[in-house]
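Prediction below, plus the sequence it came from.
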Amino acid sequence: MVEMMYREALRRALDEEMQRDPLVFLMGETIAERGGSYKVTEGLWQKYGSRRVIDTPIAEASFTGMAVGAALVGCRPVVEILFVDFAMLVMDQIVNQAAKIEFISGGQGKVPMVLRTQGGAGNGLAAQHSQSLEALFYHIPGLKLVMPATPADACGLLKSAIRDDDPVIFIEHKLLYMTRGPVPEEEFLIPLGKAEIKRPGRDATLITYSHMTLKCLEAAAFLEKEGIRVEVIDLRTLAPLDTETLLDSVRRTGRAVVVHEACKRGGVGGDIAAMLMEQAYDDLDGPVLRIAGRNTPIPYNLKIERACVPSVEEIVAGVLSIL
Amino acid sequence: MALTPPAGDPAPIAEPILLGIYRNIYATRRFELTCIELYRQGHIRGYLHPYLGEEAVAAGACAALRPDDYIVSTHRGHGHCISKGADLSLMMAEITGKATGYCRGRGGSMHISSKQVNNLGANGIVGGGIPIAAGAAMGIMVRQTDQVVVAFFSDGASNNGVFAESLNMAGIFRLPVIFMLENNHYAVSTPIECATGCCDLAGRGPAYGVPGICVDGNDAVAVYHETLRAAGRARRGEGPTLIEAKTFRHGGHHVNDPGLYMDPQALAEWKARDPLTLMKQVIADPSKTRIIETEVESELEAAVAFALRSPEPDVAEFIAGIPEH
């Protein structure tokens, strides 16, 4: 194991895949010489040149559409959309094109592209640079959706996403880029669609993903001191959803809490709660609880921004309320 | 950078190419008329946007391409697919929603594609295919081959944001793409003069450093020459071209639109310059065109028979293929 930052782990994944496959190339805004706003692509332009690390104008709809076209002719493009908020400019290309082409062509066309982007609140970036919009993509059949929480998952999942033959939306979290963690030294892949039990427990199941995984682990550590053992499941991939791991855990613990930063209304948590209710009702000792972001745009002021996103204290209180 | 004038005194075209163009114009004309008939009989559902009157654009452009070149098509896309060399039976089976169609009955008229002939697909979103074409051209650059891409789209699409963005992208990266703007003068029912303040849409090319050329879209030979020139430039790494092919729909937006809003005088004038008649005059040998017509008729008859006897997709098999989560 080596210790590395989340953004370094992402860079390693891009580097290894570009090394392995000459059809992998990158497109995005200021990703080339400058290395990207979050420094994920640093050094890759110097290594692979401007034919494979391409700075685009600020024209998200067309460069995302171009990734669809390049994927259709056999390449494996990875586009970087600076903020998930800006992905709203590319929804036609993602929803109507990338997600549909394999289906409407009867399997003739494949769109092996990755759209990397980042979301989440926490840096005082206000309402148009802080959203958690994964539910929009989660809702669309034909897309895969990955939201890693740790450096190792970021590396192994991005490599799998690049090799996958379907369009993959890969959402990073802006507060994770500088976090550190152990990553295997030798090359490794993490399969899409597999959740991970980040901390085993028997009293309740916390189901989460992305940055909230860190908060859930903190909450679980706190609860352990009170003698409550909470299992923390990091979904890692939201679509396809690893229902098996979730159901297996909930059948053991009898209690479930879904935690996400995105606002509660229409969120992924509601779908997971409904799935657990439908498929594990008899094993549940109480209703599935959702702890999620408030139904509001994210404000600029840090103090009120913090109030929009679930805290460790809220997660602890939530677990205690259902035991 | 002003508009580029169309090539003067172009070299003569070999006869097989001319006959091929005639075949594709005739096949498209007859295919569309047959589709309208099948629609009226209930064999075709949904939207059907005939390419009647515009056949020379696809036939001329595709004749200038190699089989390994790509096209990106539109909701009015049968002519593009036919002219790129697609099989009429597999097309007809798709348009009638059969399991044997190019897209296994999942796409239909509006989404027809054919990997076999490098047709990357028709599109239900006006303008949606333009960045895809630019991206296919980017893919060609990454793969370092000398293929080219033709993006077919309409005057309507040229007012959409992705058109401007894609033209700009193609200009920056000198992408091997030909933007084939089929100006049929109507965006659904809105006449072009109500949808733009400019007259020659090709003029938008030079604004992005992309050569722009206006061509008579009912003259397949003229379209062929301009496409061939543009393809040559693209293959040599000299970048994209915007070709505006001026043409006219022979009817409404789709099969159930009588097109009553269309200017009857303009329609009559354009119909007097029917691309099929014009191409027949170019060949000027009725015995040769008759052979082609006979061949097309029997191909089309076989296509309809194949489509009508083909099975529909199996519901259980379809559902079994859908993941639960």
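It's in. Source: prediction; values computed, not measured. Numbers count the residues shown, from 1 in each chain, chains lettered A, B, ... in the order given.

Around chain B, pick out the residues from the stretch 151-300 of chain A.
Residues of the stretch 151-300 of chain A lying near chain B by C-beta under 8 Å from any C-beta of the partner chain: A:239-241, A:243, A:275. Just so you know, the C-beta spots here come from the backbone N, C-alpha and C atoms, and that holds for glycine as well.

What about those residues, which are in helices?
A:243, A:275 (DSSP state H).

who are the neighbours in contact with the residue positioned nearest the centre of chain B?
When C-alpha atoms, centre = their mean is applied to chain B, the residue found nearest the centroid is residue B:80 (3.3 Å). By C-beta atoms under 8 Å, 6 or more residues apart in numbering or on different chains, the residues touching residue B:80 are B:51, B:58, B:62, B:71, B:73-74, B:119, B:122, B:152.

So which of those residues wins on neighbours?
Neighbour counts for those (other C-beta atoms under 10 Å in any protein chain shown) peak at residue B:58, which has 33 neighbours.

Which residue does the stretch 101-250 of chain A have closest to chain B?
residue A:106 (3.4 Å; C-beta to the nearest C-beta).

how about that residue, what does it touch?
Counting by C-beta under 8 Å, 6+ apart, residue A:106 makes contact with B:101-107.

Phi first, then psi, for it.
Main-chain dihedrals, residue A:106, degrees, to the nearest 10: phi 60, psi 30.

distance of it from residue A:76?
Distance, residue A:106 to residue A:76, by C-beta to C-beta, to the nearest Å: 22 Å.

ditto for residue B:112
Counting by C-beta to C-beta - residue B:112 and residue A:76 are separated by 26 Å.

Kindly report the same for residue B:160.
27 Å.

what about those two, which has more around it?
Using other C-beta under 10 Å, the more surrounded residue of residue B:160 and residue A:76 is residue A:76, with 24 against 20.

pLDDT at that one, what is it?
If you check residue A:76, the pLDDT there is 98.

and residue A:172, what are its phi and psi?
Per degrees, to the nearest 10, the backbone of residue A:172 is at phi -90, psi 170.

Quickly list what it is bridged to.
Taking DSSP bridges as the rule, residue A:172 bridges to residue A:118.

quick one: contacts for residue B:210?
By C-beta under 8 Å, 6+ apart, the neighbours of residue B:210 are B:167, B:170-171, B:179, B:239-242.

need the contact list for the residue of the stretch 201-325 of chain B found nearest chain A.
For the stretch 201-325 of chain B and chain A, the shortest gap (C-beta to the nearest C-beta) falls at residue B:325, measuring 4.1 Å. Applying C-beta under 8 Å, 6+ apart to residue B:325 gives the contacts A:239-241, A:243, A:275.

Kindly reformat the contacts of residue A:106 as TSV containing neighbour count.
TSV is the format used below for the contacts of residue A:106 (neighbours: other C-beta atoms under 10 Å in any protein chain shown):
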residue	neighbour count
B:101	25
B:102	29
B:103	25
B:104	20
B:105	21
B:106	20
B:107	25
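
Please identify which of these is nearest to residue A:255.
Nearest to residue A:255, judged by C-beta to C-beta, of these is residue B:106 at 42.4 Å.

The closest one and chain A: what is the separation?
Distance of residue B:106 to chain A, computed by C-beta to the nearest C-beta, to the nearest Å: 5 Å.

Can you list the low-confidence ranges for the stretch 101-250 of chain A?
For the stretch 101-250 of chain A, applying pLDDT under 70 flags no range at all.

which residues in it form helices?
A:101-104, A:134-138, A:151-163, A:212-225, A:243-253 (DSSP state H, counting those that start in this stretch).

and the angle from the longest one to helix A:151-163?
What separates the directions of helix A:212-225 and helix A:151-163 is an angle of 140 degrees, with axes from the mean of the first three to the mean of the last three C-alpha atoms, to 10 degrees.

Run through the neighbouring helices and strands of helix A:212-225.
Counting contacts by 3 or more C-beta pairs under 8 Å, 6 or more residues apart in numbering or on different chains; DSSP states H and E, helix A:212-225 packs against strand A:196-199, strand A:204-208, strand A:230-234, strand A:256-263, helix A:312-322.

With the third one instead?
Judged by 3+ C-beta pairs under 8 Å, 6+ apart, the packing partners of helix A:151-163 are helix A:6-20, strand A:76-81, strand A:114-119, strand A:144-146, strand A:168-173, strand A:180-183.

rewinding a little: of the helices of the stretch 101-250 of chain A, flag the one that's most buried.
helix A:151-163 (a mean of 25; mean count of other C-beta atoms under 10 Å in any protein chain shown).

How far off centre is that one?
Remark: helix A:151-163 is offset 11 Å from the chain centroid, using C-alpha atoms, centre = their mean, to the nearest Å.

same question, stretch B:99-114
16 Å.

Alpha carbons of that stretch, in PDB - could you do that?
What follows is stretch B:99-114 as a C-alpha-only set of coordinates in PDB (Å, rounded to 0.1, in the frame of the first residue of the first chain):
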ATOM      1  CA  ALA B  99     -37.000  -7.600 -34.700                       C
ATOM      2  CA  THR B 100     -35.100  -8.000 -38.000                       C
ATOM      3  CA  GLY B 101     -34.500  -4.300 -38.500                       C
ATOM      4  CA  TYR B 102     -31.200  -2.500 -38.200                       C
ATOM      5  CA  CYS B 103     -32.000  -1.500 -34.600                       C
ATOM      6  CA  ARG B 104     -34.100  -4.600 -33.700                       C
ATOM      7  CA  GLY B 105     -37.300  -2.400 -33.800                       C
ATOM      8  CA  ARG B 106     -36.100  -0.200 -31.000                       C
ATOM      9  CA  GLY B 107     -35.200   2.900 -33.000                       C
ATOM     10  CA  GLY B 108     -37.700   3.200 -35.900                       C
ATOM     11  CA  SER B 109     -37.600   5.900 -38.500                       C
ATOM     12  CA  MET B 110     -36.300   8.700 -36.300                       C
ATOM     13  CA  HIS B 111     -33.400   6.700 -34.900                       C
ATOM     14  CA  ILE B 112     -32.300   4.500 -37.800                       C
ATOM     15  CA  SER B 113     -28.600   3.700 -37.900                       C
ATOM     16  CA  SER B 114     -26.400   1.200 -39.600                       C
END
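
Could you pull up the mean pLDDT of it?
According to the model, stretch B:99-114 has a mean pLDDT of 97.

go on, stretch A:316-323?
Stretch A:316-323 shows a mean pLDDT of 97.

Check stretch A:291-301 too.
In this model, stretch A:291-301 carries a mean pLDDT of 97.

What residues sit buried inside it?
Buried positions in stretch A:291-301, judged by neighbour count with 16 or more other C-beta atoms under 10 Å in any protein chain shown: A:291-293, A:298-299.

Equivalent analysis for stretch B:304-317, please.
Neighbour count says stretch B:304-317 has B:304, B:306-307, B:310 buried, by 16+ other C-beta under 10 Å.

Please apply the same query to stretch A:306-317.
For stretch A:306-317, the neighbour count (16+ other C-beta under 10 Å) marks A:308-310, A:312, A:315-316 as buried.

could I have that stretch exported to PDB, CA atoms only?
Output in PDB follows, covering the C-alpha atoms of stretch A:306-317 (Å, rounded to 0.1, in the frame of the first residue of the first chain):
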ATOM      1  CA  ARG A 306     -23.000  24.000   6.800                       C
ATOM      2  CA  ALA A 307     -26.600  23.900   8.000                       C
ATOM      3  CA  CYS A 308     -27.700  22.600   4.600                       C
ATOM      4  CA  VAL A 309     -25.600  19.400   4.700                       C
ATOM      5  CA  PRO A 310     -26.000  16.500   7.200                       C
ATOM      6  CA  SER A 311     -23.500  16.700  10.000                       C
ATOM      7  CA  VAL A 312     -21.900  13.900  12.100                       C
ATOM      8  CA  GLU A 313     -24.100  14.900  15.000                       C
ATOM      9  CA  GLU A 314     -27.300  14.600  12.900                       C
ATOM     10  CA  ILE A 315     -26.200  11.200  11.700                       C
ATOM     11  CA  VAL A 316     -25.500  10.100  15.300                       C
ATOM     12  CA  ALA A 317     -28.900  11.500  16.400                       C
END
